[in-house]
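# this one's sequence-less:
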């Protein structure tokens with residue numbers, strides 16, 4: 001254990017290298033605990049654990065146990081393989097375990113064989129130190145590459161430290177036998193290990209700081225997007241024509257849109273929970289709650305029609321369509337539903353039903369009138385024959401004329417029925433409207449019933465019109481019937 005040319009004994013230099021290697025291994029172990037899922041850090045921690053053992057056996061060798069040098073070199077081989085595996089994992093590649101195992105076995109066999117054969121120092125140390133230096137240079141390249149994608153973290157500094165240490169490791173077989181380079185070489189190793197440990201700490205802190213800043217930025221962006229999404233949803237909900245609501249898992253209302261509040265004329269707080277039920281028509285309320293409870297129990301969609309009271313007490317028909325809500329994990333959150341006004345549709349449906357009844361009545365009336373018209377044609381024909389054959393002074397001629405007038409009146413009535421049934425072609429002619437109305441008054445009174453009084457208020461000096469008189473009478477009759485239906489009490 002003689003001093004080197006630098007004035008430092010070799011055991012002291014090796015002890016310094018051992019201490020710095022242990023510090024580096026401890027730093028890597030701490031970092032691997034911080035980032036538990038990082039397999040590369042775990043492999044590097046194991047690697048420098050074996051590197052520390054290698055330095056411990058080197059120290060024992062220089063202190064008088066040279067037989068431990070093959071073991072120290074074997075630990076260096078294991079260090080090289082683990083460091084290379086960690087670097088491959090750091091680059092996102094899978095480590096070829098079989099290849100690395102074969103290389104490790106081959107180099108370790110060479111190390112023990114070279115010591116047994118007492119080969120020269122160069123041949124004994126060249127394979128293990130070349131492997132170690134190469135692994136460090138690969139690790140340097142990995143950090144340099146990562147520094148191009150994550151700038152400002154400190155990867156380039158760590159890359160430079162590994163590159164220097166790798167080059168220094170490669171010169172070991174050549175310079176270690178020289179006394180003037182042995183001590184300084186181990187001191188340089190200790191300095192590189194300490195600087196590398198410090199660089200890793202700085203890199204980790206800077207990386208965590210950048211990650212925290214990025215996380216804060218993502219959080220701010222997420223909050224902004226959430227506010228924008230909520231504003232967009234509220235804008236859509238408040239401008240949609242339908243009444244929108246959202247419930248919780250118990251069926252209590254959590255949200256209604258502005259359209260709902262505008263219709264009911266109430267405040268939001270009055271509608272939340274079970275408050276909205278107060279606006280359901282009492283006749284429909286029990287059925288609505290029963291159907292909703294059944295749907296909630298089965299987590300199925302529902303569609304219910306009921307009357308909802310609006311501001312001013314008006315009732316309108318709505319169809320309530322609800323759909324269950326679930327989160328990403330499939331947990332039930334409640335229902336979302338819309339109420340669409342059906343009042344006008346129901347009125348149109350009733351009008352359509354009435355029109356269909358009128359059409360059926362018209363078809364029935366047309367069929368009866370057509371048959372009746374055929375009978376009247378026969379009666380009128382026979383009466384005309386009788387009129388021709390009766391003597392001019394016959395007492396039966398007055399009866400015959402009354403029969404003809406009655407048959408002609410029946411034919412006129414049949415004409416009206418056919419026109420009502422749309423089976424009679426239009427026959428427009430010049431018509432005095434006032435006279436036509438006076439002629440229709442009797443028919444209107446008989447049709448409308450005794451609880452409706454019919455008065456004729458006619459305009460003077462009206463112009464004649466060109467119209468089908470029967471169609472005009474039918475229109476007047478329809479108007480009168482509609483007016484009667486609008487005032488059922490007379």
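Looks like it came in fine. From a predicted model like this one, the values you see are computed outputs, not experimental measurements.

# what about this protein, any weak spots by pLDDT?
Low-confidence segments of the chain, defined by pLDDT under 70: 1-8, 153, 179-180, 355, 358-359, 361-363, 365-367, 369-370, 415-426, 488-490.

# Could I get the full set of strands for it?
Here the chain has its strands, by DSSP state E, at 243-247, 253-256, 302-309, 315-326, 332-341, 428-431, 465-468.

# Could you list every helix and strand in contact with the longest helix along the chain?
With DSSP state H applied, the helix covering the greatest number of residues in the chain is identified as helix 179-239. Packing partners of helix 179-239 (3 or more CB pairs under 8 Å, 6 or more residues apart in numbering; DSSP states H and E): helix 10-34, helix 155-170, helix 172-175, helix 258-264. Just so you know, the C-beta spots here come from the backbone N, C-alpha and C atoms, and that holds for glycine as well.

# What residues does residue 467 make contact with?
The contact partners of residue 467, taken as CB atoms under 8 Å, 6 or more residues apart in numbering, are 428-429, 431.

# How much space separates residue 287 from residue 381?
According to CB to CB, to the nearest Å, residue 287 and residue 381 sit 65 Å apart.

# ok so, going back, got the helices and strands packed on helix 179-239 as CSV, with distance to residue 118 columns?
Formatted as CSV, the helices and strands packed on helix 179-239 follow (distance: least, CB to CB, whole Å):
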stretch, distance to residue 118
helix 10-34, 22
helix 155-170, 24
helix 172-175, 16
helix 258-264, 95
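
# which one of the ones you listed lies closest to residue 93?
helix 155-170 (17.4 Å; CB to CB).

# just checking, what packs against the closest one?
helix 121-149, helix 179-239.

# want to throw those helices into a markdown table with mean neighbour count?
As requested, the helices and strands packed on helix 155-170 are exported to a markdown table (neighbours: other CB atoms under 10 Å):
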| stretch | mean neighbour count |
| --- | --- |
| helix 121-149 | 19 |
| helix 179-239 | 15 |
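
# Include distance to residue 398 when you put those into CSV, please.
Below are the helices and strands packed on helix 155-170 laid out as CSV (distance: least, CB to CB, whole Å):
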stretch, distance to residue 398
helix 121-149, 121
helix 179-239, 80
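
# So for residue 35, which of those sits nearest?
helix 179-239 (8.2 Å).

# Tell me if I'm right that residue 251 and residue 293 touch.
Yes - contact criterion CB atoms under 8 Å: residue 251 and residue 293 qualify, at 7.3 Å.

# higher neighbour count, these two?
Taking neighbours as other CB atoms under 10 Å, residue 251 and residue 293 compare with residue 251 leading, 15 against 11.

# of all the strands of the chain, which lies closest to residue 236?
So among these, strand 243-247 is nearest, using CB to CB, at 9.1 Å.

# The closest one pairs with which strands, and in what direction?
strand 253-256 (antiparallel), strand 332-341 (antiparallel) (DSSP bridges).

# closest to residue 39 out of the ones you listed?
The closest of those to residue 39 is strand 332-341. By CB to CB, the value is 38.5 Å.

# Now mean neighbour count and distance to residue 442 too, for the helices and strands packed on helix 179-239, in a markdown table please.
Formatted as a markdown table, the helices and strands packed on helix 179-239 follow (neighbours: other CB atoms under 10 Å; distance: least, CB to CB, whole Å):
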| stretch | mean neighbour count | distance to residue 442 |
| --- | --- | --- |
| helix 10-34 | 19 | 106 |
| helix 155-170 | 20 | 108 |
| helix 172-175 | 18 | 132 |
| helix 258-264 | 18 | 50 |
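
# mind giving me JSON lines with the strands of the chain and columns for distance to residue 87?
What follows is the strands of the chain, written out as JSON lines (distance: least, CB to CB, whole Å):
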{"stretch": "strand 243-247", "distance to residue 87": "53"}
{"stretch": "strand 253-256", "distance to residue 87": "54"}
{"stretch": "strand 302-309", "distance to residue 87": "61"}
{"stretch": "strand 315-326", "distance to residue 87": "45"}
{"stretch": "strand 332-341", "distance to residue 87": "48"}
{"stretch": "strand 428-431", "distance to residue 87": "103"}
{"stretch": "strand 465-468", "distance to residue 87": "102"}
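
# Please work out which of those is packed deepest.
Highest mean neighbour count among the strands of the chain (mean count of other CB atoms under 10 Å): strand 243-247, with a mean of 21.

# can you tell me which residues contact residue 264?
Here residue 264 is in contact with 271, 279, 308-311 (CB under 8 Å, 6+ apart).

# now with 10 Å?
243, 256, 270-271, 275-276, 278-279, 308-311 (CB atoms under 10 Å, 6 or more residues apart in numbering).

# same question, residue 325
By CB under 10 Å, 6+ apart, the contact set of residue 325 is 246-249, 299, 331-336.

# Would you mind measuring from the closest residue to residue 146 other than its chain neighbours to residue 259?
Excluding its sequence neighbours, the residue lying closest to residue 146 (CB to CB, 6 or more residues apart in numbering) is residue 155, at 4.8 Å. Going from residue 155 to residue 259 by CB to CB gives 57 Å.

# Quick check: residue 150 touching residue 207?
Yes - judged on CB atoms under 10 Å, residue 150 makes contact with residue 207 at a distance of 7.4 Å.

# Residue 119: which of the helices and strands packed on helix 179-239 is closest?
Taking CB to CB as the criterion, helix 172-175 is the member of the helices and strands packed on helix 179-239 that comes nearest to residue 119, at 11.6 Å.

# and for that closest one, what are the contacting residues?
76, 120-130, 132-133, 168, 181-182, 184-186, 189.

# Stretch 403-413 now?
With CB under 10 Å, 6+ apart, stretch 403-413 has contacts from 369, 372-373, 375-384, 386-387, 396, 443, 470.

# Can you turn the buried part of those into a PyMOL selection?
Typed into PyMOL, the line below selects the buried ones among the contacts of stretch 403-413, using 16 or more other CB atoms under 10 Å:
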select buried, resi 369+372+373+376+380+383+386+443+470
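
# could you list every residue that touches residue 430?
Counting by CB under 10 Å, 6+ apart, residue 430 makes contact with 464-467, 469.
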